[in-house]
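In: sequence first, predicted coordinates after that:
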Amino acid sequence: MKEWSSKGRKLKLVEGNIVLLDVEAVVNAANTSLVLGGGVAGAIRNLGGPSIQEECNKIGPIEVGEAALTNAGNLKAKYVIHAAGPVHGEGNEEKKLCNATLNSLKIAEEKKIKDMAFPAISAGIFGFPIQRCSEIMLETAMTFLEEHEYPQEVIFCLYGQDATSVFENTLKKFIE
């Protein structure tokens, strides 16, 4: 199962590199200082150019669970939404991951962003279990899409077949 829709809004799963997607906004799995380091943030920095980090420097730091909006530099996207996810083991991570997802969606709604792409926030170097990440992020996004006009499409862009399979199986369970 790679797609779900409700009330004219869509959720899709794709495997690939989030920075290459042609969407209005990409979500960065950010740290609280908004320093574009490795992983998704590094790819955004490398392809997007220095203007993104320059804007982050004016905004940061933010709290875990919060999200902030910047330009997307040289990316195909117009915006980057920087969502500060939790580090596994820091405490109250599930609520913080839900908030990071929800606050990203709220920014998209406020800016009337039609389509956006999320990575698996916190499931990389922050060590959050991918299964639980898929459950929290997909449930949060599906609920939001049913209750709001924007965004109209949410893509979860996953790195590698293992992460993609976990998200596909979770989506299938939610739909059944």
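Out: Right, received. Where do you want to start? A quick note: this is a predicted structure, and the numbers were derived from the prediction, not measured.
In: isn't Gly89 up against Phe126?
Out: No: using C-beta atoms under 8 Å, Gly89 is not in contact with Phe126; the gap is 9.4 Å. C-beta: built from backbone N, CA, C; applies to glycine.
In: when those two are compared, which one has more neighbours?
Out: Of the pair Gly89 and Phe126, Phe126 is the one with more neighbours under other C-beta atoms under 10 Å, namely 20 against 9.
In: and the more buried one, how far from Lys112?
Out: Using C-beta to C-beta, to the nearest Å, one gets 30 Å for the distance from Phe126 to Lys112.
In: Ala163 too?
Out: Applying C-beta to C-beta to Ala163 and Lys112 gives a distance of 29 Å.
In: quickly list what the residue nearest the centre of the chain is bridged to.
Out: The geometric centre of the chain, computed from its C-alpha atoms, lies nearest to Phe118 (C-alpha atoms, centre = their mean), at 2.7 Å. Under the criterion DSSP bridges, Phe118 forms beta bridges with Phe156.
In: how about the helices in this protein?
Out: Secondary structure of the chain, counting by DSSP state H: helices at 39-48, 50-59, 93-110, 130-147, 161-175.
In: put together JSON lines for the ones you listed, with mean pLDDT on each row.
Out: Formatted as JSON lines, these follow (pLDDT from 0 to 100):
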{"stretch": "helix 39-48", "mean pLDDT": "91"}
{"stretch": "helix 50-59", "mean pLDDT": "96"}
{"stretch": "helix 93-110", "mean pLDDT": "98"}
{"stretch": "helix 130-147", "mean pLDDT": "98"}
{"stretch": "helix 161-175", "mean pLDDT": "96"}
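In: out of the ones you listed, which is closest to Lys7?
Out: Of all the helices of the chain, the one in closest proximity to Lys7, counting by C-beta to C-beta, is helix 130-147 (6.2 Å).
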